[in-house]
Each structure stands twice: as structure tokens, then as C-alpha cells.
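>>> sequence and predicted structure below; questions after.
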Amino acid sequence: MNRTDQKAIPSMLWRLVFWAVVDGMIIVSATGIAAFLLWGIGAERLWNLRSSGEGALGWEVFFWLAGITVVMLSPAILLPLAAWRRYHRMVRARSDGYTPTSA
Amino acid sequence: MLASGTWLLPAGMIVIPARRADASPLVAPDTGSSEAAETATKFERSKVGQAWSSVTGLSATSSLALIHHTQGAGLHVAEIHSLFEAENLDAALNQSQLTRVVAWEEESSVTLFRLNAETSPEAAVGSAGYIDVRLGVGTLYSVAAATSRVFTVLMLDAYLPEADQGQTQFRGTRLVPIDTQKSIETALQTIDVASGLLEEFSFTPVESGEFVATRSGSAGGAGGLFCVNNDWVGSNGVQCCANYAIYKEMLAGCFAKFLSGVAACIGNVYLRAGALALGCVAGCAGAAKFAGPGALKVFMVCLALCGVLGSVGNCAVGLLCIAERLFDLHTCESDAKIQYMRALKDDGCWPAPEGYEP
């Protein structure tokens, strides 16, 4: 590892940390809004079904909760994916000769 | 709504709930029959009547339309008389097919809504007709035992003009006991249900103590909350479908509580997710600082592990929270069902006809 790399790594680490925080806030906020929209739409439909006395609610509730669970779990996939993408872009840029110190 | 102090109000009026009120009350302002006068006299001399007079300062004259009897209710007339003459009111009430002698103060009632041709065209017979639905709080008063029980009633004041003659078809207060409350706590629960209705129907106060519905609700038929279904009446004249309506309202309350509980669970998941994301990034960055040349890979692997495992755990906690809400929903609905079945049995409404089963 040359001298430039040794200087570049801490800088890249902090850039990754910065973008991980930004991406995390965006992903958590977006999926949170999606989850509450899903809750609202499902809650209204279930309420109407319950009020009109139509049929059993078993499967409706199941699919509703399953959908919300998928949305709630999505940050677990999206956050590492976003960080991984940032990391590879930085590595690729470094291999192309770009480093934060040379920029 | 009704303040808790309402429960301490003295008895103000006495009414015998009727199976089906008609235009010939026992004590009526315009009948002038000897039977009506005789009943009024008996009422005045009875212990119930004396208690009522002492509280209200009024005398039960034929000018007060206090008691309505049912269509073809010779049996009920006899029972009313026996009640008036009974030394032990509690025992007489237990033996009687009449449901309750009800005492309540007019001020302790609140008009829940008024249905007329404008607010609910399907519920009103004509433009001049309307139905007032009031919730009253009262006591079952026993002179002999010197005790009283708190309970709530629904009063339907129907002013329905006859289509062809333009005269009042039925005018008077009709009592529909919701439930005989054995404690103030259970009575207050019923009041809470009624309070929820006020919010649901978006009532607009028109004057102190009175509300008018701004959107239509169902009153007539068997499906409304304050329903009249003469095909399903308890042995004591209670409108059984009122119990069903309360049951449905309790179920709706259970479900609303469930929905809000799920929302809280979801909200908590995302609060934890935010904290988890920040914690993972900060923790992994700290760990990577000591990793030397492999810092970036350490950070990425740490972030992925922390993010995935933490989120899965977070979701698991959220799902457990939702499962608890589902369990609460089941418990709440079971309690409502039990309460409904008890009310049906107490009011002599069991078994429930098709469509009204618990």
C-alpha cells in the first residue's frame, strides 16, 4: 500500500460514514412513510369491511400485516445495499486514479 | 357528555317501560278515562309514587303522561297496579314481567341526535316528524329496601305525523333500557360508548344539553344503533336490538383500538430503526478506526451485519407488539360477546334471531 492509499483510506471511511448516515435517514424516513401509508389504506379498508359486516377479516389482516412487515424489513436490505454501492463507487474511482487527496 | 356527578342526582320521574307504546297511555292528558284517573290515584298513594313526589315536589295527576302501556297489555296494567301496591318493591320487581321501575331526572339526559326529514329522509315519516334519541342516566329505586341502582336508558321521543290525517301518531317518551348497571364502573363504560357516538356522528350543539346530528344515522329498522324492532322484543318490553347495536359498537371500539395499537407498533419500529441505523454507523466507524489497512472492509461488513441483524430483531419486536394487539383484540371481542349474551339473557331476548347472533 502506497502513501497515497494510507492517506486516502481514513478519508474514504469518513465519507462512507457520512453517506451511510444520509442514506440511512432517507431510507428509514421513506420506508416509514410507506409503512404508515400502507397502514392507513389497509386500516380504512378493514374498517369499512368490519363496519359493513362483510365476511371474515382473517386473510385481509394477514396480507395487510405481511405487507407492513415487508416494508418494515426493507431498510435491513436497502441500507447495506446503499452503503455497498457507495463503497464500490469509491473503490472504482480510486482505481481510476481519483483519490480525495489528489482531487 | 354527562359528568360523573350526574350519578348522584336524585330521582326525578318514574316511567314504566312499555313493549309498544300507543296513543292511549294509562295516565294521559287527554283520555280523561276513569281507569286513568284511578291509576294516577293509585300511583300517588304508592310508595314509589310518594318517593317520586318527595323528590320532585310534584303530584302524579292525570295531566302528567307518565306511564304508557302496551298494545293489548291487560296483563301489564295488572302488573303496574301490583307494583304500586307492593310492600316490597324489590320482590315485586323480581316477580314482575315488567322490566324496571325507572327513575331519572330530565336534566341527566342528553339528546344524542334528532332524526328528521333533513338529516335522515329514510328515517322520518314526514317533514314534520322527527325522532329524538336521548341518553338518560337514572336509578332503579326501591323504597322498601331504600336502595337504588345506577343504570342508563335510551329514550326515543317519536313525533311522527300520520300521513293521511296529519295528526300525531305517537307522542311520548319511550324507554329502552340499555342495561341494568350493577356498578358505577360498568355504567360509565356504557356512557363511554355513547360518548364515542357523539364524536362519530359529528354532533353540533344547538343549545345547552342538546345536539343535532349533522349527518344521517340509522334509527328505524333493526340495523341502527338506536333501533326499534318489534319482531324482537324481550319478555319485559326491552328492545333487544338495542343490545345488538351496543354489541356492534363495542366490537367497533375493539377494532379501532387494535388499529391504533398497530400504528403505535409501527411507529416504534421506525423510531428504533433510526436509532439502530445511527448506532450501527457510529459503532462500525469506531471499530473500523482500529482496523488499519482493512478499515473500509471492516466497516462495510460490520455495517451490513449490524443493519441486517438489528433490523430483523427490530421487526421481530414490532411483530410481537402487533401480535399482542391481535391478542388484545381477541380478548376485547370475547368480552363484548359475553356481555352481549348476558344482556340478552337478562332482558329475556335469548335466543337471538338470525343475523343477531353473538
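Arrived safely, thanks for sending.
>>> counting by contacts, list what the helix or strand that A:Tyr87 is a member of packs against.
Per DSSP states H and E, A:Tyr87 falls inside helix A:58-95. Where contact means 3 or more CB pairs under 8 Å, 6 or more residues apart in numbering or on different chains; DSSP states H and E, helix A:58-95 is packed against helix A:3-52, helix B:240-289, helix B:295-346. No exception for glycine: its C-beta is placed from N, CA and C like everyone else's.
>>> how about a cut-off of 6 Å?
Counting contacts by 3 or more CB pairs under 6 Å, 6 or more residues apart in numbering or on different chains; DSSP states H and E, helix A:58-95 is packed against helix A:3-52, helix B:295-346.
>>> mind checking those helices for the one nearest to B:Cys280?
helix B:295-346 (3.7 Å; CB to CB).
>>> where in chain A is pLDDT low?
For chain A, applying pLDDT under 70 flags the ranges A:1-10, A:52-57, A:96-103.
>>> residue of it with the smallest distance to chain B?
Closest contact between chain A and chain B, by CB to the nearest CB, is at A:Ala76 (3.1 Å).
>>> quick one: that residue and B:Ile266, what's the gap?
15 Å (CB to CB, to the nearest Å).
>>> the residue nearest to A:Val71 when sequence neighbours are not counted: neighbouring residues, count only.
Counting by CB to CB, 6 or more residues apart in numbering or on different chains, A:Ala35 is the residue found nearest to A:Val71 once chain neighbours are left out, at 4.6 Å. A count of nearby residues for A:Ala35, using other CB atoms under 10 Å in any protein chain shown, gives 23.
>>> any stretches of the stretch 251-358 of chain B with poor pLDDT?
For the stretch 251-358 of chain B, no range has pLDDT under 70.
>>> what residue in it comes nearest to chain A?
B:Ser311 (3.1 Å).
>>> same question for the stretch 101-250 of chain B.
Proximity of the stretch 101-250 of chain B to chain A (CB to the nearest CB) peaks at B:Lys248, 8.4 Å away.
>>> so that residue versus A:Gly67, what's the distance?
28 Å.
>>> still on that earlier bit, got the contact list for the residue nearest to the residue of the stretch 251-358 of chain B closest to chain A when sequence neighbours are not counted?
Nearest non-adjacent residue to B:Ser311, counting by CB to CB, 6+ apart: A:Ala76, 3.1 Å away. Applying CB atoms under 6 Å, 6 or more residues apart in numbering or on different chains to A:Ala76 gives the contacts B:Gly307, B:Val308, B:Ser311, B:Val312.
>>> which residues are contacting stretch B:294-301?
A:Ile9, A:Leu13, A:Tyr87, B:Cys284, B:Ala288, B:Ala291.
>>> B:Cys302 is in contact with the fourth one, correct?
I take that to be B:Cys284. Yes: B:Cys284 lies in contact with B:Cys302 (CB atoms under 6 Å); the separation is 3.6 Å.
>>> between these two, which has more neighbouring residues?
More crowded of B:Cys284 and B:Cys302, by other CB under 10 Å: B:Cys284, with 25 against 19.
>>> for that one, what are its contacts?
B:Phe299, B:Cys302, B:Leu303.
>>> over to B:His330?
B:His330 neighbours (CB under 6 Å, 6+ apart): none.
>>> correct me, but B:Ala343 touches B:Asn243?
Yes: under the criterion of CB under 6 Å, B:Ala343 makes contact with B:Asn243 at 4.5 Å.
>>> so which of those two has more stuff around it?
Neighbours were counted for B:Ala343 and for B:Asn243 using other CB under 10 Å; B:Asn243 has more, 28 against 23.
>>> against B:Trp232, how distant is that one?
Taking CB to CB, one finds B:Asn243 at 10 Å from B:Trp232.
>>> get me the contact residues on the stretch 51-200 of chain B for chain A.
Residues of the stretch 51-200 of chain B that fall close to chain A, judged by CB under 6 Å from any CB of the partner chain: none.
>>> and the gap between B:Leu344 and B:Leu329?
Distance from B:Leu344 to B:Leu329, by CB to CB: 23 Å.
>>> neighbour count winner among the two?
For B:Leu344 versus B:Leu329, neighbours defined as other CB under 10 Å are more numerous around B:Leu344 (22 against 19).
>>> show the contacting residues for that one.
Contacts of B:Leu344 by CB under 6 Å, 6+ apart are B:Asn243, B:Trp350, B:Ala352.
>>> now for the closest residue in space to A:Met12 that isn't next to it in sequence, how many residues are close by?
Distances taken as CB to CB, 6+ apart place A:Met90 nearest to A:Met12, at 5.3 Å, with adjacent residues excluded. Using other CB under 10 Å, A:Met90 has 21 neighbouring residues.
>>> so how far is A:Phe18 from A:Met90?
A:Met90 is 12 Å from A:Phe18, by CB to CB.
>>> same question for A:Val71.
26 Å.
>>> the two: which is more packed in?
A:Val71 (22 against 13).
>>> which residues sit in contact with the more buried one?
Applying CB under 6 Å, 6+ apart, the residues near A:Val71 are A:Thr31, A:Ala34, A:Ala35.
>>> wait, doesn't the last one sit right on B:Ile266?
Yes: counting by CB under 6 Å, A:Ala35 sits close enough to B:Ile266 to count as a contact (5.3 Å).
>>> so how far is A:Pro80 from B:Lys297?
13 Å.
>>> more neighbours: which of these two?
Using other CB under 10 Å, the more surrounded residue of B:Lys297 and A:Pro80 is A:Pro80, with 22 against 12.
>>> I'd like the helices and strands packed on helix A:58-95 as a markdown table, with distance to B:Cys254 appended.
Listed next are the helices and strands packed on helix A:58-95 as a markdown table, based on distance: least, CB to CB, whole Å:
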| stretch | distance to B:Cys254 |
| --- | --- |
| helix A:3-52 | 10 |
| helix B:295-346 | 4 |
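>>> neighbours of A:Gly40, how many?
12.
>>> ditto for the one 10 residues further on
Counted with other CB under 10 Å, residues neighbouring A:Arg50 total 19.
>>> contact partners for it?
So A:Arg50 contacts B:Phe255 (CB under 6 Å, 6+ apart).
>>> on that earlier part again, from the contacts of B:Leu344, which is closest to B:Leu276?
Among the contacts of B:Leu344, and counting by CB to CB, the member closest to B:Leu276 is B:Asn243, at 48.9 Å.
>>> could you double-check that that closest one lies in contact with B:Arg342?
No: B:Asn243 is not in contact with B:Arg342 according to CB under 6 Å; the separation is 9.5 Å.
>>> filter the contacts of stretch B:294-301 down to the buried ones and hand me the PyMOL line.
Selecting only the buried entries of the contacts of stretch B:294-301 in PyMOL, with 16 or more other CB atoms under 10 Å in any protein chain shown as the criterion:
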select buried, (chain A and resi 9+13+87) or (chain B and resi 284+288)
